[in-house]
Structures are given as structure tokens and as C-alpha cells.
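generate a structure from the sequence data that follows.
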Amino acid sequence: MRTGILGGTFNPIHHAHLRIAEEVRDAFALDQVIFIPAASPPHKPMEGGISFEVRCGMVRLATADNPSFVVSDLEGRRTGKSYSIDTLRELRRERPGDEFYFIIGSDSFLDFGSWHEYEAIFSSCNIVAVERPGAVICDLAATLPVAVAPQFCYHAAEKRLAHRSGYSVYYLAGIPLDISSSAIRRLARLGRSIRYLVPEPVAHYITEQRIYTHDR
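Purely as a prediction, here's the structure:
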């Protein structure tokens, strides 16, 4: 199978996450996209202390109507920080025949050199950097960490960077939606509508369960 991997805190999941997954699924003819909520994100603290179970539940609600989208609680079953390379290694053991496409926002890709064992990620799967507002990438090769740049060869006709492992890095312009989880949390705290920013079932769940209010 050709399988996409989209990780994140999903605090909460919103339409930009779903659109990114759909654009990559369509552009690379993926059979499936796995959404993997982070249990203990290494790059930033979990604002509001929202539990893994709650965030994972919101992702399940958001993806329930798309048969190509599935949710994995893999990182919730593992102790320690939720490092992407550890998740990739586990997925490789579970699904040895799959061709993986690791989906990442362009803003995060610009900071990829700070990730845990980032060099190993390049040699573990294909990577698709999807344009996010304010983080347009004009020269994909120029964004590579200096330490690994010599390991790549640019194929202009295919607009991809080929790694010596056989995997590639792609950039997808797509349709960037300027939606952020932090803005949604702020609106929810103020008791304002978050409709059309998140899927309807997620909006209902956040409102009814008072997920982002201080008096839960």
C-alpha cells in the first residue's frame, strides 16, 4: 500500500489538517492516510493539558466519514517522548510492505534540522512538505540541513529531491488554509463559535465537553 503518515498534537484537529491529508492523498495516489496524534510532543508543551485520549477522540470524529483516513493510537501506547523516527520504525515493523509518505507542513520542514534523528527520517520514508501560510518554500534544496544536503540530488522535471537511500522529498503547494489550533482554542475559551474551522462533530464535542474552558 501507498500510505501517508500525518502526525501532530491535533489540539484540536481542524480543516487545514484534513485538507493537507486529502491533497497529499490525491497528488500521490495514496491508498490510505494514517493520522497519528502525539502523546508527548517533543517540540512544545501540550497547551491546556488536554489528554491524549481526548485529542485522539477528536481525530476519530473528524475522520470518520472518510474511508481513506484512519487513526492510530500508536504513540499513546508508547512511553517517553513521541519522536517521529520511533513511530516510523514501529510502522515499518507493523507494515513492512507499505511505501510511506511522511506528511509535514512547510513551516515544520523549515525547522527539520532540530528534530530528533532527523537524518534517519530521510532514509526511512518519502517526505511531502505541504505549503502552510507564511512558510512558502521557493528552493527546496536550500531548506535542507547542511549536514545532509550532499546526500540529495535534485530532479527538476519531477520537482523532487532524491535521497541516496532511494526515498524522496517533495514539495506540494496545495491550497494553504490559514487555520491554527491556537486560534481555535482561543475562540473556544471565549465562548465564540468555531464552526467551519473544525468538522461539525468536533465542534459539537468541544462545545459540549467544554474542552478548552477553564471550568471543565
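
go through stretch 54-72 and flag the buried ones.
Residues 54-63, 69, 71-72 are the ones in stretch 54-72 that count as buried (16 or more other Cβ atoms under 10 Å). No exception for glycine: its C-beta is placed from N, CA and C like everyone else's.

which residues does residue 124 contact?
Contact partners of residue 124, counting by Cβ atoms under 8 Å, 6 or more residues apart in numbering, are 85, 88, 89, 92, 100, 102, 165, 167.

now the strands for the chain?
2-8, 32-37, 69-71, 99-105, 126-130, 152-155, 160-163, 168-172 (DSSP state E).

of those strands, give the one that comes closest to residue 116.
For these, distance to residue 116 was read as Cβ to Cβ. The smallest value, 12.9 Å, belongs to strand 2-8.

who's in contact with the closest one?
Under Cβ under 8 Å, 6+ apart, the answer for strand 2-8 is 17, 20-21, 24-25, 28-38, 75, 82, 84, 87-88, 91, 95, 98-103, 125, 128.

can you give me the helices in the protein?
Using DSSP state H, the helices of the chain run over 15-27, 52-63, 84-94, 106-109, 118-122, 181-189, 200-209.

residue 137 is nearest to which of those helices?
helix 106-109 (5.2 Å).

hang on, residue 70 packs against residue 63?
Yes - with contact defined as Cβ atoms under 8 Å, residue 70 reaches residue 63; the gap is 7.3 Å.

and for residue 159, the neighbour number?
13 (other Cβ atoms under 10 Å).

look up the pLDDT of it for me, please.
Listed pLDDT for residue 159 reads 82.

got any ranges where the chain has weak pLDDT?
Along the chain, segments meeting pLDDT under 70 span 45-46, 214-216.

swap the cut-off to 50 and go again
Residue ranges of the chain with pLDDT under 50: 215-216.

enumerate every residue touching the nearest residue to residue 21 once chain neighbours are set aside.
Take residue 21 and drop its neighbours on the chain: the residue closest to it by Cβ to Cβ, 6 or more residues apart in numbering is residue 33, 4.6 Å away. Shown in contact with residue 33 (Cβ under 8 Å, 6+ apart): 3, 4, 5, 6, 21, 24, 25, 68, 69, 70, 103.
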